[in-house]
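Enquirer: What would the 3D arrangement of this be:
(2 chains)
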Amino acid sequence: MAKAKPITGPMGGPKGMGKPTNVTATLKRVAEYMKEDKWVFLLVFIAIVTSALSNVIGISYLQTIIDNYLTPLMEEQSSELMQGFVMVIGTVAIVYLVGAISTYIFNRLMVGISTRTLYKIRVDLFQKLEKLPLKYYDTHTHGDSMSLFTNDIDTLRQVLSNSITGVINSLITVVGVFVMMLYFSWQLTILVVLMLLLMLYAVKEIGGRSANFFVKQQQEIGDVNGYIEEMIEGQKVIKVFSRQEKVHEEFDVLNEALRKSATKANTFANILMPVMGNLSYILYSVTAMVGGLLAIQEILTLGTVVAFLQFTRTFSQPITQVSQQINAVLTGLAGAERVFTVIDEKPEFDEGTIEMVPVTINDDGSLTEVTERTGEFAWKDRDVLTHVRGSVVFDDVVFGYEEDKTVLNGISLYAKPGQKIAFVGSTGAGKTTITNLINRFYDVPGGKITVDGIEINRIKKPDLRRSLSMVLQDTHLFTGTVMENIRYGRLDATDDEVIEAAKLANADTFIKHLKDGYQTELKSDGNSLSQGQRQLLAIARAAVAKTPVLILDEATSSIDTRTEALIQKGMDRLMEGKTSFIIAHRLSTVRSSDAIMVLEQGEIIERGNHEQLIEQKGKYYQLSAGLFELT
Amino acid sequence: MIKKLLPFLGEYKKATILTPVMVVFEVILELMIPLLMAQIVDYGIQGEGGMRYTIQMGLLMILMAVVALVFGALSGKYAAEAGMGFAKNIRSGLFEKIQGYSFANVDKFSTASLVTRLTTDVTNTQNAFMMIIRMAIRAPIMLVGATIMAVSINPRLSMIFLISIPVLSLTLFFIGKNAHPRFLAMLEKYDGLNEKVQDFIVNIRVVKAFVREDHEETRFLESAEQVRDAQLNAEKLVILTMPIMQLTIYASVVAILWFGGNMVIDGTFNIGQMSSFIMYIMQVLISLMMISMIFIMIIISRASFSRIIEGLEEKSTLDDDGADADLKLQDGSIVFNDVSFSYTNDPNNVVLRNINLSIQSGETIGIIGGTGSSKTTLVQLIPRLYDVLTGEVLVGGHNVKEYALKTLRDDVAMVLQNNVLFSGTIKDNLKWGNEAATDEEVIQAAKAAQAHDFIESFPKGYDTDLGQGGVNVSGGQKQRLTIARALLKNPKVVILDDSTSAVDTATDAKIRAVFRETFSEVTTLIIAQRISSISDADRIIVLDDGQVKGFDTHENLMETSDIYREIYQSQSKGVSIDG
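Expert: Numbers count the residues shown, from 1 in each chain, chains lettered A, B, ... in the order given. So this is what the prediction gives:
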């Protein structure tokens, strides 16, 4: 939905990255970011004008030099004229010097503006990404979000650094040259206008054709890249089946199709430049001939013709340039638009007011708020302190990720402080959803959830989440050391506390075997660690957090049963005194829970402890007997 | 470096050569035009030439420009043909090369890097190549041609070139040299920034769960500031190019006007010639600038060239050289003779140590062991996906190295742990096992793998489209399809590497029953996490830390193997089958 709708502009887009839907609005947004720099931008503008005009003025002096000095001086020597000649050359030198300096000034200032602007946009975007609800991440792939930073802001960088100044410069040059041309000779200017029309026509024709083929090429690139990705992904299967030749044959068919359309598309793109360049030579030649004839008729002076010829060269350059820049600008703006769409997304909503504060428990059982961490917490509703003990209650909770598709239908359950509650069921039964509601990753439209008797939407989200720790199935790591990754659970944990947590999770042994032990650097895609090892780190991270409530979502799914048995003791200690929610595929993991909920299509169909459920001879019993598979 | 890619020009060699040829013609014509203009001014207007001469010369100029246009357009066309053809050949060549890689080669590069090489890197190379055959010829020729023209018009005035060309080239060189490390530094900061964003996005749930938004933002801001500063540092140097370029051109023009003007006054030089002289010096300096841009472009794409070449020059660690093409497998017997194996070919870093096994044809063998015990590694040696470090693996009575790879792998069907289905219908996918299989045979294999029923339950049955990566079936269904695909090969050895982990135990048992009854001739190796999946095998291999710690029947292992017993207990505790 955030994607810019592609529309076909007159120029067409060779990059195929989409065009902005609203050019002016997006430009305004970009301009907003430069507001702080508006005086600098004014300077930039003045410098561009100066630079462009000094070029134009410099050329027009050719006429003066030739007609007023050289021609008469050829006839007879005159020291007065000679002095004038020196003066005029000096003037030209100064004009040009000013021009070159202006060029430096606007480029230098613009670099400052563009880097500052990009910084602001990046920060804005990141801050928004932080505040977006998980729903956003459910509907957008990681790749999409990444490409905002890697592609979209980068194309905008090109626009800000080069295109803006380039386009302004070109426009001013064209206007300046045109005015001077009219001033020098209206007859020759008519020629120029005719030629200009021809050039614009060529741009439109060639550009349009090229755009059509580029769309086709883009499609074929998609096919080829898709095939490459699939076959490289399945490379090992191909080898096991000795399918190499067949696959290569198929690839060559797609590859050849791409070559054909790419050749056509690039042919048109490639000939644009030489065609424009040589049309400008044709204009030059026609001007030379006609100008020559007019000069012979003495309608024009020699200087005028020579200067005019220079002008025709200066005139066509910016036109070619702008026609090339337009695409870059549109692509950049399309990128900016995608970035702004995200910045405009609605942030996560937090109406909660209750905070979690550390407390000490007095002898009479009352609570006193303190500033230091004590290990005990209370919910603070204005002056009322409620001890955080981790009792969780679901009362007829209804929820769906999309409006009309409910995932949970009337879930009611309670977890007393310190209890172990397990969820069992097929993928899509709603297990993870339940845990995602406890920490308000999503808000419930129907029913209510309370923690220690307080409705969770009255609690500030950060405080609610600080009272829980989670271990997720897919454990990605952060770039940084092992130590830092575990400490993520609680930033003020000491090294000893981190190591203790790692021992609890049975991670200490393998960490010690790593190259630099706890100081080993990890990457987010961390292929140096197995999925099982990563899960152990995630368990350690949760252990170091020491929160009253623990959520384990398939936390041991990638750890083999023997190792799982080994860490069981640590897990038991981790869950001791905490309310724990456990989701597991493997029944051995949930067996010792106080209560097991069997979920099917968003409803709890069986509940009880292991023995009771086996007794019932229902779904749980069938599962444990291997009579049907969890999908 | 580019030389190594030249063979890929192939049938596009003609277009590759024609491109610069057309460019040369275009440049020559373009160089003539200012000369004719000078003739019009000096002889037509100022001299005796008059109207007739002016019209003649004018028409000649126009003709030249039109012909130059044709040559220019042709060069563009040939460049597109050559560039795209070159890219196609590289893509095809690299793709073919990768098809010849061994597993070890594939592991070395990683999937993502191979994809980048085939896509982005090829595109970069293609663009650089097109630019080289068009611009890299054009700019030097223009430079030399315009210089020659200028010298022929007025050798004395050409002295200006002696100053402006070195000044400009030196400054461009200086800028390029200093900008390069600054840009590298900038790209490094970019990587750092992207890494932080990626960390954040991938871990969004963790960040939110632990309320670490502030922490992430601090990390991000630090990086964003570094990027801003590095970018400013790099670009403020590069933007010097334009003003310095202008300054050189302007200074040269002023010098020409002054010295040339004086010569005109002396009567040794003409106004038209002076005006064409200005055009030539501009062309010279613009060409210089162009050359420096080409250098930058080549430097930028060098990384892509070398990545492609690296992929092309990678030698497959496996080959058929010692193989006897006619040798066929006699049966499905497997023998490991004192086999050790290392992924890094390093005797100090072995993952399998002194493995000795002898499996008879038709036996069903279970393999069990913890994560990291090298179960997968062991079986991958049988279809020779990797070569042993020491010792030998015999299949069907011969060392695996004696068979042609295709022969061996056709008879040893392996169902991989991380298996992949391809886009296309179910039938297409199953037929990977045997292209010539009849519908009947396909159905038979599907039935054996317990896949027939669910396939039939789809509205389109065997013609159901799977979509890329087989997304339209569940994990258990996908595993059964991959088993059926392997069975269609009609192999002598079947290896199931944890291939029924997502299949329910009842179906799992049925599959095993089929193997026992229908494929009793076929040697079957089953790797499993669940002891129940292998307890009824003829014999079971217990692997631990790359060593065989037991090879016997279930009953005997329960007696003799501590590890086996431990695994058994860890699994039976939770799931009491009898209730």
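Enquirer: Please make it C-alpha for all contacts and neighbour counts, starting now.
Expert: Fine.
Enquirer: Which pLDDT value belongs to the residue at the greatest distance from the centre of chain A?
Expert: For chain A, the largest distance from the centre (CA atoms, centre = their mean) belongs to A:E76, which lies 71.4 Å off. We have a pLDDT of 84 for A:E76.
Enquirer: got the residues of the stretch 251-400 of chain A near chain B?
Expert: Where the stretch 251-400 of chain A comes near chain B, counting by CA under 8 Å from any CA of the partner chain, the residues are A:251-252, A:255-256, A:259, A:262-264, A:266-268, A:270-272, A:274-275, A:277-279, A:281-282, A:285-286, A:288-290, A:292-293, A:295-296, A:302, A:306.
Enquirer: Ramachandran angles for the residue farthest from the centre of chain A?
Expert: Dihedral pair for A:E76: phi -150, psi 150, per degrees, to the nearest 10.
Enquirer: Could you say which helix or strand holds A:L53?
Expert: Assessed by DSSP states H and E, A:L53 sits inside helix A:38-64.
Enquirer: who in the stretch 251-400 of chain B is up against chain A?
Expert: B:251, B:254, B:257-258, B:261, B:264-267, B:271-272, B:275, B:370-371, B:383, B:385.
Enquirer: Run a quick neighbour tally on the closest residue to chain A within the stretch 401-550 of chain B.
Expert: In the stretch 401-550 of chain B, the residue that lies nearest chain A is B:D504 (4.0 Å; CA to the nearest CA). As a burial measure, B:D504 scores 18 neighbours (other CA atoms under 10 Å in any protein chain shown).
Enquirer: Could you find the closest non-adjacent residue to the residue most central in space within chain B?
Expert: The centroid of chain B falls nearest to B:R117 when counting by CA atoms, centre = their mean (2.0 Å). Spatial nearest neighbour of B:R117, excluding adjacent residues (CA to CA, 6 or more residues apart in numbering or on different chains): B:I308 at 5.9 Å.
Enquirer: What is the neighbour count of that neighbour?
Expert: Neighbours of B:I308 (other CA under 10 Å): 23.
Enquirer: what residues are up against it?
Expert: When contacts are counted by CA atoms under 8 Å, 6 or more residues apart in numbering or on different chains, B:I308 touches B:L94, B:R117, B:L118, B:D121, B:V122.
Enquirer: got the residue ranges for the helices in the stretch 351-500 of chain A?
Expert: Taking DSSP state H, counting those that start in this stretch, the helices of the stretch 351-500 of chain A run over residues A:431-438, A:461-466, A:482-487, A:495-504.
Enquirer: Out of those, flag the one nearest chain B.
Expert: helix A:461-466 (5.6 Å).
Enquirer: ok so, going back, against chain B, how distant is the residue farthest from the centre of chain A?
Expert: 9 Å (CA to the nearest CA, to the nearest Å).
Enquirer: quick one, what contacts whatever residue of the stretch 251-400 of chain B ends up closest to chain A?
Expert: Distance from chain A to each residue of the stretch 251-400 of chain B (CA to the nearest CA) is smallest for B:I265, at 4.7 Å. Shown in contact with B:I265 (CA under 8 Å, 6+ apart): A:L70, A:T71, A:L73, A:M74.
Enquirer: Kindly state the pLDDT recorded for it?
Expert: Listed pLDDT for B:I265 reads 91.
Enquirer: So it lies in a helix, does it not?
Expert: Yes: judged by DSSP: H, G, I helix; E, B strand; the rest coil, B:I265 forms part of a helix.
Enquirer: so how far is A:M74 from it?
Expert: 5 Å (CA to CA, to the nearest Å).
Enquirer: Could you tell me how many residues sit around the nearest residue to A:Q127 once chain neighbours are set aside?
Expert: Nearest residue to A:Q127 in three dimensions, chain neighbours excluded: B:E217, at 7.3 Å (CA to CA, 6+ apart). For B:E217, the count of nearby residues is 18 (other CA under 10 Å).
Enquirer: now swap in the one 4 residues further on and tell me
Expert: Other residues within reach of B:L221, judged by other CA under 10 Å, total 18.
Enquirer: circling back: quick one: residues contacting the residue nearest to the centre of chain B.
Expert: Contacts of B:R117 (CA under 8 Å, 6+ apart): B:S304, B:R307, B:I308, B:G311.
Enquirer: Could you double-check that the first one lies in contact with B:D121?
Expert: Yes: the pair formed by B:S304 and B:D121 meets the contact definition of CA atoms under 8 Å, at 4.7 Å.
Enquirer: Look at these two and report which has more neighbours.
Expert: Neighbours per residue (other CA under 10 Å) separate B:S304 from B:D121, with B:D121 holding more: 23 against 20.
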